[in-house]
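> Fold the following, please.
(chains A, B, C and D)
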Number of protein chains: 2
Amino acid sequence: MISQSAIQSRSFKPDVHAKSPAAPGVTAPEGDAIAMMGAPMTFKRNAEIYGENEPADYLYKVVTGTVRTYKVLADGRRQIGAFYVAGDVFGLESGETHVFSAEAVTDSKVLVVKRSALVALAERDTAVARQLWSITARELQRAQDHFLALIKTAEERVVGFLLDMAARVSGSNQFELPMSRQDIADFLGLTIETVSRTMSQLESTAAIELPSSRRVVLRNRATLGRLNG
Amino acid sequence: MISQSAIQSRSFKPDVHAKSPAAPGVTAPEGDAIAMMGAPMTFKRNAEIYGENEPADYLYKVVTGTVRTYKVLADGRRQIGAFYVAGDVFGLESGETHVFSAEAVTDSKVLVVKRSALVALAERDTAVARQLWSITARELQRAQDHFLALIKTAEERVVGFLLDMAARVSGSNQFELPMSRQDIADFLGLTIETVSRTMSQLESTAAIELPSSRRVVLRNRATLGRLNG
DNA sequence: CGACCATTTGATATGGATCAAGCGATGTGG
DNA sequence: CCACATCGCTTGATCCATATCAAATGGTCG
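Residues are numbered from 1 along each chain as shown, chains lettered A, B, ... in the order given. Coordinates of the predicted model:
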């Protein structure tokens, strides 16, 4: 069944005033159309950003906080598609409607851009077209990695997840998990009990340390790398 | 471990003579740059089309036959990423090298196009750019569907697979599976025994019929739809 | 302090994997 | 053209990783 927090679907109208776009050539080599055109919005913890089956009219870029996308299956289980942290782009779908829902995991600030504005811009600016394509390609990469993870053992999934999070939210061996055990379980296709047990076991073998349930210290990268399959 | 048929990696040089591309506007509304520019190649059953980690210099479109992409994991298990049938495009990667290997499941004919030629063309022709993007988007869609399938039960995975294949290779309720049970198992993240047992069970409940091991008749779509989750 | 969550830990159940034959179709050499 | 080897598939018996059910613990906030 659905874990917790079933937030009622609200639609919203971000106050997007697309600035007239920089002409091609004026755009920086690493020009980020979303950052330039995006309107900031904030979402409180567990607030819905968009819902499954809503029209995919906007594109989002995380400034601060963490966002999860998810889908509730027919039998009521929730599968989390991805977590997005600062710098990540989400909400770009192939079709006209969102396939996943999106919620803020923590209080979050995101930039919002009208999709049609970017697509229109891409017609004239090859760099923007390439950027949009590369966002989709990165998403594909992530989906493939995720699905390869799902055929591994519980321990490999958890270790892989911790290594990935370490790289994305800190770059060091020590970091704070922004999400609950339930979120992790729903992301990895495991139960909360299995996630908890696996982490306890990793701690008992000195591979990691858990000063608190959300705080993780990677103690032994060599071991973790081996456990990652 | 790897199922059967470890084909030795051969590199190949498709004889691609990119015809000078149609000018934008001359391109048909549904213009298919791959079909226009592609050089036909044939591959025998189980022949390698490209290998993991090889440079992703070409893009492929299936004309006849079936192709599988796969990855061999550290522990030796093989995970099939996707099956491609007539009309499907494969081989377009985000990076410079292939993340999966590709093999012909049956004797196959494919069109081959140099990636760089298409990317160059996309710089000038927005329609081609959009086409490339949409190929990646479709692949993302497929990867997401696949990964949602992996958290379902064995029966749901098998039923989902049969419904998908029916839609893709025939459109009717009766079709020939181009791939072995081992291929199906490696695609669905199950063992060959579980796939076989599940099919037998579906037959015993009159949901499907199996005139031969490769031939499938969908007997009861209502039941199958329900079993699909 | 007390209520409420999130997390951990323990006991048991189970779906699918693994181990092990058997069977049917296909193809090959004698 | 038959005998036998091979390969792909099915079926049976048992095992095990993870789910499920249940309870205790710990952390947070009014």
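> switch to C-alpha atoms for all contacts and neighbour counts from now on
Fine.
> that's a strand at A:L92, yeah?
No - under DSSP: H, G, I helix; E, B strand; the rest coil, A:L92 falls outside any strand and is assigned coil.
> Enumerate the residues of chain A near DNA strand C.
Counting by C-alpha under 7 Å from any atom of the strand, chain A comes close to DNA strand C at A:4, A:179-182, A:192-197, A:199-200, A:213-214.
> Among those, the buried ones, what's the ChimeraX command?
Selecting only the buried entries of the residues of chain A next to DNA strand C in ChimeraX, with 16 or more other C-alpha atoms under 10 Å in any protein chain shown as the criterion:
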select /A:181,182,192,195,196,199,200
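> Of the residues of chain A next to DNA strand C, which pair is most distant in space?
Pairwise distances across the residues of chain A next to DNA strand C peak at 23.3 Å for A:Q4 and A:S200 (criterion: C-alpha to C-alpha).
> Please enumerate residues in contact with the helix ranked longest in chain A?
With secondary structure taken from DSSP state H, chain A has its longest helix at helix A:126-149. When contacts are taken as C-alpha atoms under 8 Å, 6 or more residues apart in numbering or on different chains, the neighbours of helix A:126-149 outside the stretch itself are A:24, A:33, A:81, A:89, A:92, A:118-119, A:121-123, A:156-157, A:160, A:188, B:79, B:93-94, B:123, B:129, B:133, B:136-137, B:139-140, B:143-144, B:146-147, B:150.
> switch to 7 Å and redo it
Outside helix A:126-149, the residues within contact range by C-alpha atoms under 7 Å, 6 or more residues apart in numbering or on different chains are A:33, A:121-122, A:157, B:94, B:123, B:133, B:136-137, B:140, B:143-144, B:147.
> If we only consider these, which is nearest to A:A56?
Each of the contacts of helix A:126-149 was checked against A:A56 using C-alpha to C-alpha; the closest is B:A137, at 14.0 Å.
> picking up where we left off before, which of the contacts of helix A:126-149 count as buried?
Buried members of the contacts of helix A:126-149, counted by 16+ other C-alpha under 10 Å: A:33, A:121-122, A:157, B:94, B:123, B:133, B:136-137, B:140, B:143-144, B:147.
> got the domain boundaries for chain A?
Per automatic domain parsing, the structural domains of chain A span A:33-145, A:154-227.
> that older thread, please flag which of the residues of chain A next to DNA strand C sit within strands.
With strands taken from DSSP state E, there is no overlap with these.
> Which single one of the residues of chain A next to DNA strand C is nearest to A:R221?
Nearest to A:R221 among those is A:M199, at 14.9 Å by C-alpha to C-alpha.
> could you check whether the helix or strand hosting A:T223 is close to chain B?
When elements are assigned from DSSP states H and E, A:T223 belongs to helix A:221-227. No - in this structure, helix A:221-227 remains apart from chain B according to C-alpha under 7 Å from any C-alpha of the partner chain; the gap is never smaller than 10.4 Å.
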